[in-house]
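Chemist: Kindly generate the corresponding structure for this input.
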Amino acid sequence: MAMRIFRLLLLLIIVSCKGDSKPSDGLTNNYHLSLESDLLDSNYIKTIENFYETGKEGYLIGADSISIYYKVFEQKLPTSAIVISSGRTEAAIKYKELIYDLYQNGYSVYIHDHRGQGLSGRMTDDPDMGFVKDFQYYIDDMKEFYDRFIKPRAYEHTFLLAHSMGGAIGMTYLEQFPEDFDAAAFSSPMLGLKPPLCTVVKVFDRDVPRYAIGQHSYNDDSSGFEDNALTGSKIRYDRMQAAYTLVPEARLGGVTYTWVHESCEQFAVLFENIDHIETPFLLFSAENESIVSTSAHRNFMEKAKALGKDCQAYDIAGGRHELFIEKDQQRLETLNTTLDFFESHQRGKSK
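Modeler: Residues are numbered from 1 along each chain as shown. The predicted structure follows:
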């Protein structure tokens, strides 16, 4: 207890000493979000790290008896909360900067590691395998997390912030549970994969978990910044790699044929059930996307708008797949727009 109090006091001292850090020319930082220049300051990094340690962590039992790791950061007053649905291979430890920024803007923040990755339970003998037996299990886990931790707090407003595979999970969640969130934002959501993956995978045996062609266990040698397709921000990329180096059990390797098959099947489900969505949402696509299908983004939004859904699409110029750890220009554009959107759905609206 004494150590926890000390950490909280240290956090307050460091925050109070932070100067008026400003973004590069031409950028706006409406919500005082962390900047790349801040991440060069060791004291600022300590602030983020110390804050992350104050979060409550634990495990819940998800679908098919798999343990699901979670981390929660609750404000004292139950006003507004954000639930983060992360992407494939990701873990809560990757989101320290984002969690810190959201919390500083008055939100309670909730995140869990999806089954088969991060610190959650694995379902194959090889812990590096990206595997899921049934995509619906991801949604079932998220609903259990929501009902166990968010719903009892009776927040006035609850929002969903989803990335990549977490976007497929989150969008399905909106289709199945349209009353749980006031608004949602999706960064590079996985609504389709680059062709011809979904066509080719049908001819492979899925009964026994096997790495898909070209996929393999986690490899430190393949993690160089120069060749990465995720972000143009070296400092944020290096922080991501450092987080997994410190917690190697949270790392994940390549996908299995089963995971690809389940994902491709889920895309059809997503498109077939757009009419069930009642939650207003934003969808961000990166200009230099090379992981998920941006044509699927366009097709999804066209259908959603044709059905009269409250939604808006944004193309982030110069952005790569990981918009939440991109360079300041792309990250600020994404998060400023998201937080503006969330604020607009708090004014005059209560559950």
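Chemist: Could you report the distance from Phe281 to Ala313?
Modeler: 10 Å (Cβ to Cβ, to the nearest Å). Yep, even glycine has a C-beta here, placed from its N, CA and C like the rest.
Chemist: The two - which one has more neighbours?
Modeler: The residue with more neighbours, out of Phe281 and Ala313, is Phe281; 25 against 17, by other Cβ atoms under 10 Å.
Chemist: quick one: the more buried one and Pro189 touch, right?
Modeler: No. Under the criterion of Cβ atoms under 8 Å, Phe281 makes no contact with Pro189, lying 9.6 Å away.
Chemist: How about the residue most central in space within the chain: what's its closest non-neighbour residue?
Modeler: With distances taken as Cα atoms, centre = their mean, the residue of the chain nearest its centroid is Ser86 (2.7 Å). Excluding the flanking residues, the one nearest Ser86 by Cβ to Cβ, 6 or more residues apart in numbering is Gly166, at 4.8 Å.
Chemist: and that neighbour, what helix or strand is that in?
Modeler: Assigned by DSSP states H and E, Gly166 falls within helix 165-176.
Chemist: Near Val208, how many other residues are there?
Modeler: Using other Cβ under 10 Å, Val208 has 9 other residues around it.
Chemist: What strand or helix carries it?
Modeler: Here Val208 is covered by no helix or strand, with elements defined by DSSP H and E.
Chemist: tell me the contacts of Gly167?
Modeler: Gly167 makes contact with 85, 87, 186-191 under the criterion Cβ atoms under 8 Å, 6 or more residues apart in numbering.
Chemist: Among the residues you listed, name the ones in strands.
Modeler: Under the assignment DSSP state E, the contacts of Gly167 contribute 85, 186-187 to strands.
Chemist: isn't Asp310 right next to Pro280, touching?
Modeler: Yes. Using Cβ under 8 Å, Asp310 is in contact with Pro280, at 3.9 Å.
Chemist: More neighbours: those two, which one.
Modeler: Each of Asp310 and Pro280 has its neighbours counted (other Cβ under 10 Å); Pro280 has more, 19 against 13.
Chemist: Hmm, the more buried one is touching Cys311, no?
Modeler: Yes. Contact status for Pro280 versus Cys311: in contact at 6.8 Å, counting by Cβ under 8 Å.
Chemist: which residues in the stretch 201-350 of the chain form strands?
Modeler: 281-286, 311-316 (DSSP state E, counting those that start in this stretch).
Chemist: What angle do strand 311-316 and the first one make with each other?
Modeler: Calculated by axes from the mean of the first three to the mean of the last three Cα atoms, to 10 degrees, strand 281-286 forms an angle of 20 degrees with strand 311-316.
Chemist: what pairs with strand 281-286, and is each one parallel or antiparallel?
Modeler: strand 183-187 (parallel), strand 311-316 (parallel) (DSSP bridges).
Chemist: just those strands: most buried one?
Modeler: Counting by mean count of other Cβ atoms under 10 Å, strand 183-187 has the highest mean neighbour count of these, with a mean of 27.
Chemist: Which is the succeeding secondary structure element to it?
Modeler: Past strand 183-187, the next helix or strand by DSSP H and E is helix 197-200.
Chemist: Contacts for that following helix next, please.
Modeler: With contact meaning Cβ under 8 Å, 6+ apart, helix 197-200 is reached by 192, 260, 264, 267.
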